[in-house]
Every structure is written in structure tokens, then in C-alpha cells.
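>>> predicted model follows, preceded by the sequence.
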Amino acid sequence: MTELIKFHDFTTARTFLEASRDAVFVISDEKIEYVNEMAAKLLGFERAEDVVGRWSCEFISPEDRRAQYKPAGKTTPFRYELKFQRKDGTNVDVENQISLIEYDGRPASLVFCRDISERKLFEAKLDAVHKHAIELRNVETLEEVAQSTVNTLNESLGFNQVGFGIVEGNTLSFKEFSVSSTVKGLPLDGSGITIRAVNTGETQVVSDVRRDESIVASNSHEQPETLSELAVPIKIGSETFGVLNVENSELDAFDENDRKLLETLAQHVASKIATIIEKEKLQRSLRELESKNQELDEYTYAVSHDLKAPLRSIQAFGELLLSDTSKLDTDAIDYVTRINNASSRMKRLIEDLLVLSRVNRKYLDVESVDLNRLIEQIEMDLEALIREKNAEILYSELPTISCHRVWIQQLFSNLVSNGLKFNRSTNPKVWIGSEEHYDYYQFSIKDNGIGIDEKNFPRIFKLFQRLHSEDEFPGTGAGLTICKKIVESYGGKIWLESKPGLGSTFYFTLSRSAFDGGGMTP
């Protein structure tokens with residue numbers, strides 16, 4: 001049988017229990033046998049006699065009655081929390097420590113209760129601050145930050161007069177209030193508790209504003225006269241960006257917990273505002289960069305287009321001279337031929353520049369493209385080269401994607417034709433493969449060509465960079481540059497694996513989101 005703690009002389013124990021700062025109950029068979037004065041006050045009674053003799057369950061809130069803790073043979077004290085219901089029907093959160101004793105020869109429970117309402121309220125407010133921090137992740141503007149913060153201060157934390165101000169030049173401008181107010185801005189060279197918080201960068205807690213010499217009389221509040229005020233600066237680094245201000249019509253309304261809550265909230269707000277500012281800077285830079293790139297593309301397009309006119313004249317006159325070689329000697333024929341060849345090469349260079357300048361232009365519609373049919377079209381376009389070199393293009397089942405057909409065709413065509421052109425095999429082959437991932441496609445184009453030395457990998461994607469002479473392998477050196485720009489315009493990347501004499505494999509990815517959005521990224 002469990003040995004109980006025995007009170008041989010409860011009169012002596014009563015002296016200690018009456019002096020306890022905790023509420024004390026002795027309960028036997030669920031009936032209250034003894035309470036001290038603190039317990040009576042906790043339950044809303046003036047005298048202990050009004051509580052003794054009642055059933056203990058009378059003072060437990062309905063939602064907690066089913067969850068009563070019974071020590072069931074335990075002799076060591078243990079703790080639990082529940083809600084007591086006061087005489088006036090209100091609830092109070094308490095923490096109980098219970099032990100089994102022997103009282104007047106009978107088993108009983110000795111219960112020490114402590115009011116933890118303030119602690120529970122503070123925990124609830126901390127939870128509200130945490131939820132506010134999570135909510136801030138989804139806001140995009142300063143106005144949304146202000147509104148979310150004022151709502152949290154007012155609705156979740158219980159402050160009835162709240163202001164959110166930011167520093168704009170020499171003025172503190174209020175973006176949001178919890179109550180209507182005619183105050184929209186305060187000069188930073190003025191006085192007042194809020195202005196002092198901004199200028200000092202330190203939290204201001206005033207229990208009685210009537211004793212604060214810096215207060216400026218104002219009739220702007222529709223609520224009762226402010227008697228207590230708490231102002232917390234919103235600081236980004238060492239700079240004060242704004243202030244959170246709360247007021248109350250009661251004296252000494254704000255304690256240390258209120259200060260800590262607002263300072264934590266201000267830190268969350270400052271962090272989000274700093275993120276918004278940096279994001280806005282980045283967006284401005286991107287817009288400026290996009291504008292510059294567009295200007296450069298348009299300039300390249302205009303210059304390339306203008307160059308074609310005199311070039312056509314040069315070619316026309318060269319062809320005219322070569323149409324009747326009887327008037328030219330051998331050297332002249334050689335010179336004119338060289339001029340025509342150079343003009344043809346210049347024409348191809350200009351056409352490649354025009355392609356590059358058009359890649360980011362968004363005048364093309366997105367359409368569903370079956371890549372299997374697209375490769376068939378490329379085979380038809382390269383029919384002469386394929387027949388000449390006895391070449392093959394091999395591919396497994398390729399996906400259907402939404403894209404700008406002309407650029408995707410240019411991309412595949414450039415890589416496939418390179419695999420055939422840079423190839424000394426008696427039977428050149430190009431293999432096309434694909435993989436589908438959650439948020440991107442990955443393609444590979446492999447050949448059995450001459451291969452590329454790894455030291456030259458960085459060069460091949462640069463504009464007009466060539467690894468071979470025009471006589472050995474004709475071309476402008478712009479094909480892979482165009483491929484790289486197209487891939488990156490679709491949010492992807494391009495790379496290769498290759499060794500001299502062992503062929504090359506080019507890999508590239510295309511982001512699904514670029515297709516889903518119906519456009520190309522700058």
C-alpha cells in the first residue's frame with residue numbers, strides 16, 4: 001500500500017499554508033476540505049469559508065473537467081495546467097502541483113495553484129508575433145507590411161491605438177493606423193515621444209505622457225486622451241527607417257513584455273523591409289539592363305541591316321565584272337573573285353548578327369511543337385549535306401513542347417549541322433536524346449566527329465571564335481553563340497563533353513516555366 005504524507009497536526013501546517021503566495025487546496029473525495037485566502041481570491045471569493053465544502057469540479061472550466069488529473073497512487077508531486085472558473089464565470093489559467101497526503105485520517109490531495117494567466121497571454125502574443133513573421137513572407141510591398149503589422153498589433157496583441165510610420169526625408173509619415181487619425185506626418189526636427197524614438201534610435205516607454213516635457217499637445221485623436229505610450233524604432237542596420245507606436249488611455253499601460261514583443265516585431269518588419277528594398281533595387285537594375293540590352297539589340301539590328309545594302313552593291317558589281325572575263329586579266333579575275341568571296345562571308349556574318357539581335361524579341365507566338373516532326377524538317381533542310389557526307393541523324397522519341405518554333409528549330413539545326421560538318425568519318429552520325437524532369441527538359445546531341453580539346457571549351461561559345469580555318473571548315477563562328485543565347489533565353493544552360501578524335505556531346509536544358517509563362521526570359 002502506498003504510504004501517504006501525514007499531517008499529524010494540521011494546525012501547524014495551516015500556518016505555513018496561509019503564508020504561501022500560491023493558492024492552496026486540500027481535496028478529499030473530490031470535496032474541498034481546506035483553502036487558504038489566496039485560493040479564495042483566485043476563485044473570486046472574499047472568504048475561504050465560502051469555498052470549503054464545495055465540490056472541486058465546480059471551479060474547473062467545462063472544457064477541462066473531462067481532463068482532470070488524478071494522481072492515482074503517486075506520492076511525488078507532479079504538475080499540470082488547466083483553467084479555473086471564477087465565481088463571476090470568467091476563466092483563469094493555473095498551474096497545479098499536486099501531492100497525496102493523509103488529512104484527518106483520510107487520503108487527500110494537497111494542491112498548490114499558481115495564476116499563470118499573464119504567462120499564457122504572453123505566450124499567445126509570442127505566437128501571434130511568430131505568425132506575423134510567417135505572414136510577412138508573402139507580402140510584397142511596404143504598404144502590405146504596414147497593414148499586416150498594424151492588424152497584428154491591434155487584433156492579436158490587443159493594442160487599441162497603433163501607428164506605423166516611416167521616415168521620408170525630414171518627415172515621419174504614417175502609413176497605417178488602427179484608428180482613424182488626421183495625423184499623416186510629423187517633422188523630424190519637432191518634439192514628441194515618437195520623434196524621439198526615431199532620432200535616438202532607441203525604444204521609448206512612457207507611463208504618464210503628462211510628465212513628459214517633449215509631448216506636443218494635439219487634438220487629432222478621436223480616442224480618449226493618451227496617457228501611456230510605447231514607441232519602437234524600425235532599424236535597418238544603424239539607420240532608423242520608421243517607428244511602431246502604440247498608445248493607451250490608461251496610466252502605466254505597457255510593461256517589459258510589451259516592450260520585448262514590439263521590439264521583436266520591429267526586427268521582423270525591418271528584415272522584411274530590407275528584403276523589399278533589395279528586391280526593388282534588383283528589379284530596377286534588371287529593368288535597366290533589359291533596356292540596355294534591347295537598345296544594343298536594336299542597334300545591332302539597325303547596323304547589320306544597313307550594312308547589307310552596300311554589300312549587295314559590291315556583290316552585284318563583282319558578279320557583273322566576272323560575267324565577262326574577256327575584259328579582265330588573270331590578276332583582276334583573282335581580285336574580283338576574292339572580293340566576291342569576302343562579300344559572301346560578310347553577308348553570312350551580318351545574317352548571324354541579325355539572328356542574334358532577334359533572339360530576345362518577343363513578337364513570336366508560343367505554339368505546341370512536336371520535336372520529332374521538327375527534326376524531320378531539319379533533315380529535309382540538311383538533305384544535301386546528309387547525302388554528300390553519307391550521314392545519319394538518329395533519335396528516340398522526343399517530347400512535344402510549347403515554345404517559339406523558329407528559335408528551337410534554329411537551336412537544334414545549328415547543333416545537328418555542326419555534328420555533321422565537323423566530322424571526317426566515312427559515315428557521320430548524330431544522335432539526339434532527351435530527358436524530362438519536373439521543372440525542365442534536358443537534351444543531348446552527340447556526334448562521332450573530330451571532337452574538341454577541353455582547353456578550347458570556353459572559346460567555342462564566343463561570337464565569331466573559330467578553331468579551324470575557313471578553308472578547312474567553312475562558317476562564321478556564330479552558330480554556338482546563337483545556341484547559347486537561345487538556351488539562356490529559355491532559362492536553361494548549355495555545356496559539352498568532348499575529346500579530340502572521339503566526337504562531342506552537347507547538352508542543354510530548357511526550363512518548363514519559360515514555356516508555361518508563354519515567353520522568353522531576358
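That came through fine. Numbers count the residues shown, from 1 in each chain.
>>> using CSV, list the CA coordinates for stretch 82-101.
Only the C-alpha atoms of stretch 82-101 are listed here, as CSV (Å, rounded to 0.1, in the frame of the first residue of the first chain):
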residue,chain,number,x,y,z
LEU,A,82,-5.9,23.8,-16.6
LYS,A,83,-8.4,26.6,-16.4
PHE,A,84,-10.3,27.5,-13.2
GLN,A,85,-13.7,29.1,-13.5
ARG,A,86,-14.2,32.0,-11.1
LYS,A,87,-17.3,33.0,-9.2
ASP,A,88,-18.2,35.6,-11.9
GLY,A,89,-17.9,33.0,-14.7
THR,A,90,-14.5,34.2,-16.1
ASN,A,91,-11.6,31.7,-16.5
VAL,A,92,-8.1,31.9,-15.2
ASP,A,93,-5.2,29.8,-16.3
VAL,A,94,-3.4,28.0,-13.4
GLU,A,95,-0.5,25.7,-13.0
ASN,A,96,-1.1,23.0,-10.3
GLN,A,97,1.3,21.0,-8.3
ILE,A,98,-0.4,18.1,-6.5
SER,A,99,0.8,15.6,-3.8
LEU,A,100,-1.1,12.8,-2.0
ILE,A,101,-1.4,13.4,1.8
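>>> model confidence over that stretch, on average?
Averaging pLDDT along stretch 82-101 yields 88.
>>> next: stretch 378-394.
85.
>>> contacts for that stretch next, please.
Outside stretch 378-394, the residues that touch it by Cβ atoms under 8 Å, 6 or more residues apart in numbering are 375, 409, 412-413, 416-417, 420-421, 423, 426-432. Using the backbone N, CA and C atoms, a C-beta is placed for each residue, glycine as well.
>>> for PyMOL, what selects the buried ones among those residues?
The buried residues among the contacts of stretch 378-394 can be selected in PyMOL (16 or more other Cβ atoms under 10 Å) with this line:
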select buried, resi 375+409+412+413+416+417+420+421+423+428+429+430+431+432
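>>> what two of the contacts of stretch 378-394 are the furthest from one another?
Greatest spatial distance in the contacts of stretch 378-394: Gln409 and Thr426, 28.6 Å, computed using Cβ to Cβ.
>>> pLDDT score assigned to the spatially most central residue of the chain?
Central residue of the chain (Cα atoms, centre = their mean): Arg137, 6.5 Å from the mean position. Arg137 carries a pLDDT value of 88.
>>> once you drop chain neighbours, what's closest to it?
Lys272 (8.0 Å; Cβ to Cβ, 6 or more residues apart in numbering).
>>> ditto for Arg54
Spatial nearest neighbour of Arg54, excluding adjacent residues (Cβ to Cβ, 6+ apart): Ile32 at 5.4 Å.
>>> packing partners of the helix or strand containing Thr194?
Using DSSP states H and E, Thr194 sits in helix 193-200. For helix 193-200, the packing partners by 3 or more Cβ pairs under 8 Å, 6 or more residues apart in numbering; DSSP states H and E come out as strand 161-168, strand 171-177, strand 185-187, strand 204-206, strand 228-236, strand 239-248.
>>> reformat these as JSON lines; add distance to Asp255, mean pLDDT and mean neighbour count.
Formatted as JSON lines, the helices and strands packed on helix 193-200 follow (distance: least, Cβ to Cβ, whole Å; pLDDT from 0 to 100; neighbours: other Cβ atoms under 10 Å):
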{"stretch": "strand 161-168", "distance to Asp255": "17", "mean pLDDT": "87", "mean neighbour count": "21"}
{"stretch": "strand 171-177", "distance to Asp255": "23", "mean pLDDT": "78", "mean neighbour count": "19"}
{"stretch": "strand 185-187", "distance to Asp255": "26", "mean pLDDT": "83", "mean neighbour count": "15"}
{"stretch": "strand 204-206", "distance to Asp255": "9", "mean pLDDT": "89", "mean neighbour count": "21"}
{"stretch": "strand 228-236", "distance to Asp255": "10", "mean pLDDT": "91", "mean neighbour count": "23"}
{"stretch": "strand 239-248", "distance to Asp255": "11", "mean pLDDT": "90", "mean neighbour count": "23"}
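>>> against which helices or strands is the strand or helix carrying Leu320 packed?
For Leu320, the element it lies in under DSSP H and E is helix 256-322. Applying 3+ Cβ pairs under 8 Å, 6+ apart, one finds that helix 256-322 makes contact with helix 117-136, helix 142-151, strand 228-236, strand 239-248, helix 330-358.
>>> and Val369, how far from Ile277?
41 Å (Cβ to Cβ, to the nearest Å).
>>> who has more neighbours out of the two?
The residue with more neighbours, out of Val369 and Ile277, is Val369; 19 against 13, by other Cβ atoms under 10 Å.
>>> surely that one is in contact with Cys403?
Yes - in terms of Cβ atoms under 8 Å, Val369 counts as a neighbour of Cys403; the distance is 5.6 Å.
>>> tell me the domain ranges of this protein?
5-115, 121-274, 363-516 (automatic domain parsing).
>>> Gln315 is nearest to which of these?
domain 363-516 (16.6 Å).
>>> how far does that closest one sit from the chain's center?
35 Å (Cα atoms, centre = their mean, to the nearest Å).
>>> go on, stretch 194-212?
That offset, for stretch 194-212, works out to 35 Å (Cα atoms, centre = their mean).
>>> what does stretch 254-265 rub up against?
With contact meaning Cβ under 8 Å, 6+ apart, stretch 254-265 is reached by 118, 122, 125-126, 129, 132, 149, 152-153, 157, 203, 205, 207, 228-230, 232, 244, 246, 248.
>>> flag the shaky bits of the stretch 401-522 of the chain, pLDDT-wise.
Residue ranges of the stretch 401-522 of the chain with pLDDT under 70: 456, 459, 462-478, 513-522.
>>> thinking again about what came up before, from the contacts of stretch 378-394, pick the one nearest Asp453.
Set against Asp453, the nearest of those by Cβ to Cβ is Asn423 (16.3 Å).
>>> what secondary structure does the closest residue to that closest one other than its chain neighbours sit in?
Here the nearest residue to Asn423 in space, its sequence neighbours aside, is Gly449; by Cβ to Cβ, 6+ apart that works out to 3.6 Å. Following DSSP: H, G, I helix; E, B strand; the rest coil, we place Gly449 in the coil state.
>>> who touches Gly449 in this structure?
Applying Cβ under 8 Å, 6+ apart, the residues near Gly449 are Gly419, Leu420, Phe422, Asn423, Arg424, Ser425, Pro428, Gly503, Ser504.
>>> closest one of those residues to Glu143?
The nearest member of the contacts of Gly449 to Glu143, counting by Cβ to Cβ, is Ser504 at 54.1 Å.
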